[in-house]
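Enquirer: Give the three-dimensional model of this entry:
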Amino acid sequence: MEKIDLRKQYKPFYSPSSHEFSFVHLPAMTYLMVDGHGNPNSRLYIDAIQTLYSLSYTLKFALKKSGGPDFTVMGLESLWWMPDMTQFSLERKDDWDWTAIILQPDFVSPAMLKSAVIDCTAKGKAPLGSQARLELLDEGDCVQILYFGPYADEAPVIAGMHAFIHDQGYLPNGKHHEIYLSDVRKVAPEKNKTILRQPVRKA
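Expert: Numbers count the residues shown, from 1 in each chain. Okay, here's the model as predicted:
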């Protein structure tokens, strides 16, 4: 059985231009999620990342062992917001709400997740396992761009994205979405690759 690679299956959603903003329409997709609040450098966010990867790999290997389909584990993504998005800024990271997420194949079920949580928790590998859930994320129409550089320098690009959205006759319609394509432990900050995505609606 051929391994399922969601990155290839959804290639148009994960390969935007780095030179211009582009529109894309996303279907509803299943994600493994953990919610939190506060600075992305916090212990809570780090624990959320560990939990998501531990559960994702446990699901993968459990399915493979049982003779089910094999799949490539996707990378980390996150949704970021504040109740009043006009106050959302890099200077107020401690006030951010967030949901750390990893895309899953549609055949991963809540029952499979429950089993994975029990397994990972018993091994001490999922510190936030009890908070993890599967949920459909239906963002619909979005604007996105591939950004190269440190997270701390994203603000001008995000501001440019929002200006583009308004110029095209749209309004932001959901949470700021980031897709992390690089391992920041292994690449120079200026070579770090992140997809910046914003759901939109007609004004």
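
Enquirer: Every contact and neighbour count from this point should use C-alpha atoms.
Expert: Will do.

Enquirer: where's the spatially closest residue to Leu103 that is not a sequence neighbour relative to Glu2, distance?
Expert: Spatially, and ignoring its direct neighbours in sequence, Leu103 is nearest to Tyr31 (4.4 Å; CA to CA, 6 or more residues apart in numbering). Distance, Tyr31 to Glu2, by CA to CA, to the nearest Å: 22 Å.

Enquirer: what about those two, which has more around it?
Expert: For Tyr31 versus Glu2, neighbours defined as other CA atoms under 10 Å are more numerous around Tyr31 (21 against 7).

Enquirer: Go through the helix ranked longest in the chain and flag the buried ones.
Expert: As assigned by DSSP state H, the longest helix anywhere in the chain is helix 43-65. If you call a residue buried by 16 or more other CA atoms under 10 Å, then helix 43-65 has these buried ones: 44-45, 47-60, 62-63.

Enquirer: And the helices in the protein, which stretches?
Expert: Secondary structure of the chain by DSSP H: the helices cover 6-9, 43-65, 110-122, 155-167.

Enquirer: Mind giving me the packing neighbours of the shortest one?
Expert: This points to helix 6-9. Using 3 or more CA pairs under 8 Å, 6 or more residues apart in numbering; DSSP states H and E as the contact test, no helix or strand touches helix 6-9.

Enquirer: Tell me the gap between it and the middle of its chain.
Expert: Relative to the centre of its chain, helix 6-9 is centred 15 Å away, using CA atoms, centre = their mean, to the nearest Å.

Enquirer: chain center to the longest helix of the chain, what's the gap?
Expert: Here helix 43-65 is found 14 Å from its chain centre; the criterion is CA atoms, centre = their mean.

Enquirer: Now do that helix against helix 110-122, angle only.
Expert: In terms of direction (axes from the mean of the first three to the mean of the last three CA atoms, to 10 degrees), helix 43-65 departs from helix 110-122 by 120 degrees.

Enquirer: what does helix 43-65 rub up against?
Expert: 32-36, 39-40, 69-73, 76, 100-102, 104, 108, 112-113, 116-117, 120, 125-129, 132 (CA atoms under 8 Å, 6 or more residues apart in numbering).

Enquirer: same check, this time on stretch 133-140
Expert: Stretch 133-140 is contacted from outside by 25-34, 109-110, 113, 174, 199-200, using CA under 8 Å, 6+ apart.

Enquirer: The spatially most central residue of the chain bridge partners, please.
Expert: The centroid of the chain falls nearest to Glu77 when counting by CA atoms, centre = their mean (1.8 Å). Using DSSP bridges, the bridge partners assigned to Glu77 are Ile101, Ile179.

Enquirer: where are the low-confidence patches of this structure?
Expert: 1 (pLDDT under 70).

Enquirer: Mind doing that once more with 90?
Expert: 1-2, 83-91, 152, 183-186, 188-190 (pLDDT under 90).
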